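J.: Can you look at this prediction? I've put the sequence above it.
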Amino acid sequence: MKSIYLDNAATSFPKPPAVAEKMVEYITHIGSNVNRGSYESAYEAEETVFETRTLLKELFNGPDEKNVIFTSGITLSLNMVLKGLLKKGDHAIVCPLPHNAVMRPLRQLEKDGVEVSMAELSDSADEGEPKEVVGSSENGVFFKPSSLEKLIRNNTKAIVMTHGSNVSGKVFPITEVGELCRKHGLFFIVDSAQTAGVCEIDMKRDHIDALCFTGHKGLMGPQGIGGFILSDPIVSEISPLISGGTGSISHLEDVPDFLPDRFEPGTPNLPGIFGLWAGLTFIKETGIAVIREKEERLARLFTSQLETVGGLKVIGHEENYPYTGVVSVVIKDHDPAEVSAKLESEYCIKTRVGLHCSPSAHKALGTYPLGTVRFSFGFFNTEEDVICAAEALKEILQD
Ligand code: PMP
């Protein structure tokens, strides 16, 4: 039986073949560190690192290559940005359906005197807004960016937003929230884990001050590489969380005050950066609109297959809203863990079950504590994969 991978929200698979090839090229033929040696292979590595910064700067319309900081992934990026920026007495507002990569650093910061407010949600749309929920007549999550305004206080420093939910796939209105941040002079921090490489993100248009990204999902790179891109005004506001050797100004023991060195101590993940280079090049050649159209089309095909099936509920998919390839499902009288296990053991379909590291998202969506079965379609899935998954679910329901 063909194995069908539908867990692209956890990590995308397969990768474009060039990703592995580029990593092998580095390990086999280059192998040198960057910013340390003055020999040819070190310059070669530095060139690809710089090109990767350029690809990221261009993809997200960031200010400059030097503002692109590499980390091991978005979890470290969010920790570095949130813990470096927010100090005792500061206030931050969190937009809907956050991941624990945002909430756990913030809960730690609360213990140090940082104040945190959660954006309000309503379970019904206002007049004129889409109301329909596929497979259900309730349980949508509606969020109006303007509702954030009443949460703003004198000490509010930042708004933190998850651009796309890793639970429901909903894409939230980044441009409107960015505009609100600009209007009120707040820093705008974005978790793009589910949308980078899939949705258009423009740091300048969307007034983003810290765009945190991970390399191994929509950017199609390997695990262990990610980063953040900073706007110029936020740079001096963030204290470096980690420090160490950078290969620059080595006569000093102070942390460099220039980018990217200020936030990039230690030897970087060079095989990871080379792989990410290939993922980003694939995205550039394919076109983000093509990727977006395909993933959303697969997700909508899946929900349309389930629409008429009683006992199945697609979570948080209101019509007319933008979505990524993520679809979460609950099945009446079935434990999601059992459904996911059956999908794997009987149909070779790989999904993810549970709370997806987002307990507050599941609370908002009414699926806490059991969670959902999450199907996440990626660029390399086919319509046939979607139909197989829908048919498998229908059969399980009849058991
Ligand atoms: N934020 C969101 C919305 C996510 O979906 C994830 C991964 N599930 C993360 C943050 C954390 O990503 P990583 O494990 O790559 O650090």
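T.: Perfect, I can see it now. On a predicted model such as this, the values are computed, not experimentally measured, just so you know. Numbering: from 1, shown residues only.
J.: got a list of contacts for the longest helix along the chain?
T.: The residue-count maximum for a helix in the chain (DSSP state H) belongs to helix 40-60. With Cβ atoms under 8 Å, 6 or more residues apart in numbering as the test, helix 40-60 has contacts from 26, 30-36, 62-68, 70, 196-197, 201-203, 208, 211, 213, 227, 229, 260, 268, 270, 273-274, 276-277, 280-281, 283-284, 288. For glycine as for every other residue, the C-beta is placed from the backbone atoms N, C-alpha and C.
J.: what sits up against the worst-scoring helix or strand of the chain on mean pLDDT?
T.: Lowest by mean pLDDT, DSSP states H and E among the helices and strands of the chain is helix 359-365, with a mean of 85. Residues outside helix 359-365 that contact it (Cβ under 8 Å, 6+ apart) are 96-100, 103, 118, 121, 139, 141, 165-168, 315-316, 328, 355-356, 368-369, 371-372.
J.: Name only those of the residues you listed that count as buried.
T.: Buried members of these, scored by 16 or more other Cβ atoms under 10 Å, are 96-100, 103, 121, 139, 141, 165-168, 315-316, 328, 355-356, 371-372.
J.: Tell me which entries of those residues lie within strands.
T.: Among the buried ones among the contacts of helix 359-365, the members falling in strands (DSSP state E) are 328, 372.
J.: Quick check: which of the buried ones among the contacts of helix 359-365 are also close to the ligand?
T.: Taking Cβ under 6 Å from any ligand atom as the test, the ligand is in contact with 99, 166 out of these.
J.: which residues sit in contact with the residue in the stretch 251-399 of the chain positioned nearest to the ligand?
T.: Of all residues in the stretch 251-399 of the chain, C357 sits closest to the ligand, at 5.7 Å by Cβ to the nearest ligand atom. Residues near C357 by Cβ under 8 Å, 6+ apart: 99-101, 166.
J.: so where do the strands sit in the stretch 101-250 of the chain?
T.: Per DSSP state E, counting those that start in this stretch, the stretch 101-250 of the chain carries strands over the ranges 115-118, 156-162, 187-191, 210-214, 226-230.
J.: List the buried residues in stretch 341-353.
T.: 342-343, 347, 349-353.
J.: Now look at that stretch and say if it contacts the ligand.
T.: No - using Cβ under 6 Å from any ligand atom, stretch 341-353 never reaches the ligand; the gap is at least 9.1 Å.
J.: Straight-line length of that stretch, end to end?
T.: 9 Å (Cα to Cα, to the nearest Å).
J.: Tell me how many other residues surround F60.
T.: Here the number of neighbours of F60 (other Cβ atoms under 10 Å) works out to 22.
J.: sorry, that was for K183
T.: By other Cβ under 10 Å, 11 other residues sit near K183.
J.: ditto for the one 10 residues further on
T.: Other residues within reach of A193 by the criterion other Cβ under 10 Å amount to 27.
J.: and what of Q108?
T.: Using other Cβ under 10 Å, Q108 has 13 neighbouring residues.
J.: Which residues of the stretch 101-250 of the chain lie near the ligand?
T.: Neighbours of the ligand within the stretch 101-250 of the chain, by Cβ under 6 Å from any ligand atom: 101, 162, 166, 191, 193-194, 214.
J.: Among these, give me the pair with the biggest separation.
T.: T162 and T214 (12.5 Å; Cβ to Cβ).
J.: Can you tell me which residues in the stretch 251-399 of the chain are near the ligand?
T.: Within reach of the ligand by Cβ under 6 Å from any ligand atom, the stretch 251-399 of the chain has these residues: C357.
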